Each structure stands twice: as C-alpha cells, then as structure tokens.
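Peer 1: sequence and predicted structure, then a few things I'm wondering about:
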Amino acid sequence: MIKLRIKTAAFAALLTVTALAAVGCRTNFFPVSGAVAGWDRGDKTQTFDASTLWQYIDGGADQYVNAGVVSASTCDYKYQGNLEAVVDIYTMKAAAGAQKVFDADPPLDAKTPQLGDAARLYERSLVFRKGKYLVRITAYQSAPGEADALLALANAIASKM
Amino acid sequence: MQSRREFVKEMVAGAAVLGSGTKFAWCQTKGAEKSKVVIVRDAKLRTPGPAPDEARVAALLDHAMQTYFGAQNPLQPWKQLVRPGQVVSLKLNAMGGRAIAPSVALVAAICERLQQAGIKPGDIIVWDRGSRDLEMAGFKLSNAPGAVRFFGTDTAGYESSAVSYGSVTTRLAKIFTQSDVVLNLPVLKNHNLAGVTMAMKNMYGVIDNPSNFHGSACDPYIADLNMIPQVRQKVRFVIADIKTAVFEGGPSYRPEYSWNEDGLLVGEDRVAIDTISAQIIERKRAEKGLQTLEKKGTPTHFLATAADAQHKLGTNDPARIALIERSIS
C-alpha cells in the first residue's frame, strides 16, 4: 500500500515536472522585446490547461478542448509603442487537433502566407498552425504596415517551434 | 403608446438605416403591447485612435435612453432606473479586450448620469468576472473610497451558499448580490455554442461555474440562469455597446470576423434584445456568405426557452418587438 502511494507520488511528481517543463517551453516561444523589430513583449504570460481554459475564453474553450488542447499560453505585445496585440499559443495533443481548430474557421478573404503548416493573414490578425501548435495573433487597432509586422512576429514564433 | 403613424415612421426609418433587402417581420405588425428595443447609431463615433469620441458617445447614450423612455431630458431615464442611496453596479462583458468591450467613454457617461441622478460615486461598481479583463478593456482598477469602483469578481469573490433554478445551481458574485440595481452592459458577438452572446449570456459572468453550462447550445442553462430570482430582479436595464460586433468565431474577439455597427442598443426585455441581436448577426453572416447559426450547429434555441410558458423572461416573437432605430449624424 505504502509502495503504491510512493509510486503514485513519484508519478505525480514526474507529471508535474513534465508539465512545468512544457509550460516553460511554451513560454519560450514568445519572442522577447526587440527580438522582432518594433515589437515589445508584455511582462505577463498566462498559461491555462484544458480544465481552466474557460477562465480565459469562456464559451470559446470547448472548441479547443474537443480538439485535444493541452494548454494555452497568452502574452501581450505592443508594436512601435502603441499598437496592442495579443499572442495566443495553443498546444494540442496532436497536429490533427491544431488542424481541426484551424479548419473550423471560414477563410473569407484571408491571405495565405508561407508559414508553418498553414496560415491565414488578415488586416489585423494572423493564425497559423505548425505541428501540434496553433497560434493566433490579434491586434486591437489598425496601423500602417500592420500585416507585415504581424507576419514578422509570427515567423519569429514559428522558428522556435 | 405610439400612434400607428409614429410606429410606421419609426419602422420606415429603421428600414432605411438597415439598408435594402432587409425586412424584419415586425415592421408589418401593429397593435398589441410590444417590447421596445432601441438602437441608435452614429457613423462619426470613431476617431483615428482606438477609443471612440467621448462627446459623441455621451450624446449617443442620451439619445438612446431618451428615445427608450420617451424622456424630455437626459436625466429623466436615470431617475426612473435608480434611486439615491442604492448601490448600482455595471456588469460589463469585457473578456474580449478593448476592441470588443463596452468602451471607457460609455461607462464614464453612464457613471456621470447615475451620479447626476443621485447615486454616490462610491456606490457605483464597474465590474466583470476577471480584473485582468477589465484592464485589457482599458479600465484602471480602483477601490478608492468615495470614487467609482472598478474591480473583478476574482477580487470580491462569490457567495458561500448556492442558488438554483431548473438546471442551474450556482454561486453568485458578491458584487452582484450586494448591488441593489445591476445594469447589464454586454457586447454583440457570435458565440460558438449558443449562437449569440448578448444580454442573457452575459449573466454567465456573475456566477462561479459558467463552464458547467455550455452543453446543448447552452440551453436551457441561459434561460434558467436568468430565472434565478436575483438575476431576474436586479438586472433592470441593458445598455449594449455595439460599436463593434462579431459575426463568427466568438465569443473571443476576432478582427477578421468583426464589423462596425457604431451604435448602442438599449432595452429592458432581455429576450427581445437577444432576438434582435441574433437577427443582426444572421444578417451579417448572410452578407458574408456564411451558414445560418442553425445550420452551423449553434442554434439560438435558448431564446425560445427563455420566452416559453415556464420562463416568461420576455418575448422572442418579432411581431411583439418594437424595434426603433435612429441615426445621429
């Protein structure tokens, strides 16, 4: 009985370490300030797992949970000091999950830059998937050269994956 | 009560604003008591920056409120809604960040009118579930005595005892229970489960376990939640910021699926408001060549449930809704 408990505790500890390592890895996907020209990273990165994702996107979480989300990390950015944007990185169990979420969105008038496994670029947002990762970059205002700036930030994130 | 001539005039004006090809069923009805929903738009609301024009937002609010209440001056509606000595809270839907949250200018204008109606600044609370959401929407958190307070339920917490109605058992936010009057400030968005999130769905932000109530397109949960006596009684009025709206991919902010309505929508009948909102979103989806919400698998069945004989929260019958649309230029 005691052995079983120790084994269970050891397994739980291993899971925790693995999970923390994974979180650390995801956090590292966010480029630091200055790594991409004009972009500054906010000081807070938040991470949610499948059971807490609703706290970030209540009502929107189910789509990701159904596609096998493991975690979602989010970080604020500013471009040239005034354009606010948010980067969300969803880590799915498998690439099929990232594709499922990506394909659920109607493409409308999106451009499709060469980025990751597939990408859509709009005037004020960009979404791409690469392997088991799905990345959304959402800008809150319009600015000249914004699409290029979003693409540059996305390329920097993709290069780390 | 409007005369037949006035009513038709309103509807004709509304149709002109909506544009050709749009013909709502209630334009052709007459008589009987209707639930009033007022939409006022201002094409010059936006500035080159991220925030709308403060003066125009304040004027838009006054116009919408006076139209709804048939008031001769801007203060009269507020005196009908609140009384001095009451604690009045503004429940925002701020989770989408500042691009799709009630604007700071709108909240400031409401707070000013409340104070002019006799509410002490310290008795006004602006809130949502998360403090971070408020900050992301552009609000500065504050709990300073004697001033309007801004904070989230994550700071104030939930009641220890649960309340129930039908399928919903939950704990209410303390900010909510400690308010005498709650003004509901939603935004107009598609919701990838319920089809639409507007007035009734915004009440998911006043409870501690919203994630329990997303099955079956949120039906009957949305209606049952709104039937909880405190939720039904305290929420007196809806002032929706529809400057920007989301027709797909919601409830998160999705710029690629957003459009500018540049207006305010106000009313009391939460079901009528959500019914009109669903029609506005369906119209935009059709314009974009997207499936109806029903075909997409996100039907707005909660509207019929909220209006049924068990709930009677309002009407989802377009023939019983008086939509009044105005434009400021």
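Peer 2: Yep, it's here. Numbering: from 1, shown residues only, chains lettered A, B, ... in the order given.

Peer 1: ok, the residue nearest to B:N73 when sequence neighbours are not counted - contacts?
Peer 2: Excluding the flanking residues, the one nearest B:N73 by CB to CB, 6 or more residues apart in numbering or on different chains is B:Q66, at 7.5 Å. For the C-beta atoms, the positions are set from N, CA and C on the backbone; glycine is no exception. Contact criterion CB atoms under 8 Å, 6 or more residues apart in numbering or on different chains gives B:72-74, B:76-77 as the residues in contact with B:Q66.

Peer 1: from A:Y122, how far out is B:Q66?
Peer 2: Remark: distance between B:Q66 and A:Y122 (CB to CB, to the nearest Å) = 38 Å.

Peer 1: try A:W54
Peer 2: 26 Å.

Peer 1: report pLDDT for B:L303.
Peer 2: Listed pLDDT for B:L303 reads 98.

Peer 1: what's the following helix or strand after the host helix or strand of it?
Peer 2: Using DSSP states H and E, B:L303 sits in helix B:301-307. From helix B:301-307 onward toward the C-terminus, using DSSP H and E, the following helix or strand is strand B:321-328.

Peer 1: quick check: which helices or strands does that next one pack against?
Peer 2: Of the remaining helices and strands, those touching strand B:321-328 by 3 or more CB pairs under 8 Å, 6 or more residues apart in numbering or on different chains; DSSP states H and E are helix B:4-18, strand B:35-42, helix B:54-69, helix B:270-287.

Peer 1: again, only using 6 Å
Peer 2: The helices and strands touching strand B:321-328, judged by 3 or more CB pairs under 6 Å, 6 or more residues apart in numbering or on different chains; DSSP states H and E, are helix B:4-18, strand B:35-42.

Peer 1: of those, which shows the lowest average pLDDT?
Peer 2: Going by mean pLDDT, the lowest-scoring of the helices and strands packed on strand B:321-328 is helix B:4-18, which has a mean of 36.

Peer 1: tell me the residues of chain A that contact chain B?
Peer 2: Where chain A comes near chain B, counting by CB under 6 Å from any CB of the partner chain, the residues are A:54, A:57-60, A:62-63, A:122, A:124-125, A:140-141.

Peer 1: from the residues you listed, which land in strands?
Peer 2: Of those, the ones assigned to strands by DSSP state E are A:S125.

Peer 1: how close does the residue positioned nearest the centre of chain A get to A:Y79?
Peer 2: The residue lying closest to the centre of chain A (CA atoms, centre = their mean) is A:I89, at 0.4 Å. Distance, A:I89 to A:Y79, using CB to CB: 18 Å.

Peer 1: counting neighbours, what do you get for B:L75?
Peer 2: B:L75: 16 surrounding residues under other CB atoms under 10 Å in any protein chain shown.

Peer 1: contact partners for B:D241?
Peer 2: B:D241 makes contact with B:102-103, B:106, B:187, according to CB atoms under 6 Å, 6 or more residues apart in numbering or on different chains.

Peer 1: what about chain A, any weak spots by pLDDT?
Peer 2: Along chain A, segments meeting pLDDT under 70 span A:1-27.

Peer 1: let's go with 50 and repeat that
Peer 2: Using pLDDT under 50 as the threshold, the predicted model of chain A has low-confidence ranges A:1-25.

Peer 1: show me what the particular helix or strand that has B:L114 in it is packed against.
Peer 2: Assigned by DSSP H and E, B:L114 belongs to helix B:104-116. Contact here means 3+ CB pairs under 6 Å, 6+ apart; on that basis helix B:104-116 packs against helix B:54-69, strand B:124-127.

Peer 1: out of these, flag the one nearest A:M161.
Peer 2: With CB to CB, the closest approach to A:M161 among these belongs to strand B:124-127: 37.9 Å.

Peer 1: for whichever strand or helix holds B:L134, list the C-alpha coordinates in CSV.
Peer 2: Under the criterion of DSSP H and E, B:L134 resides in helix B:131-136. C-alpha atoms of helix B:131-136 as CSV (Å, rounded to 0.1, in the frame of the first residue of the first chain):
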residue,chain,number,x,y,z
SER,B,131,-9.8,42.1,-13.1
ARG,B,132,-7.5,41.4,-16.0
ASP,B,133,-10.4,41.5,-18.4
LEU,B,134,-11.2,45.0,-17.1
GLU,B,135,-7.7,46.1,-17.5
MET,B,136,-7.5,44.7,-21.0
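
Peer 1: sorry, back to before: burial-wise, tell me which of the helices and strands packed on helix B:104-116 comes out on top.
Peer 2: strand B:124-127 (a mean of 25; mean count of other CB atoms under 10 Å in any protein chain shown).

Peer 1: list the strands paired with that strand, with their directions.
Peer 2: strand B:88-92 (parallel), strand B:149-150 (parallel) (DSSP bridges).

Peer 1: what is the mean pLDDT for the longest one?
Peer 2: Summarised as a single mean, pLDDT over strand B:88-92 is 98.

Peer 1: between it and helix B:104-116, how big is the angle?
Peer 2: Computed by axes from the mean of the first three to the mean of the last three CA atoms, to 10 degrees, the angle separating strand B:88-92 from helix B:104-116 equals 170 degrees.

Peer 1: returning to what we had before: got a markdown table for the helices and strands packed on helix B:104-116, with mean pLDDT too?
Peer 2: Formatted as a markdown table, the helices and strands packed on helix B:104-116 follow (pLDDT from 0 to 100):
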| stretch | mean pLDDT |
| --- | --- |
| helix B:54-69 | 97 |
| strand B:124-127 | 98 |
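
Peer 1: show me which positions of the top strand by length along chain B end up buried.
Peer 2: Using DSSP E, we find that the single longest strand of chain B is strand B:235-246. For strand B:235-246, burial by neighbour count (16 or more other CB atoms under 10 Å in any protein chain shown) applies to B:235, B:237-246.

Peer 1: cool, stretch B:126-144 as well?
Peer 2: Neighbour counts using 16+ other CB under 10 Å place B:126-139 of stretch B:126-144 among the buried residues.

Peer 1: circling back to that earlier point, could you identify which of the contacts of B:D241 has the most neighbours?
Peer 2: B:V187 (30 neighbours).

Peer 1: the residue nearest to the centre of chain A belongs to a helix?
Peer 2: No: read with DSSP: H, G, I helix; E, B strand; the rest coil, A:I89 is strand and lies in no helix.
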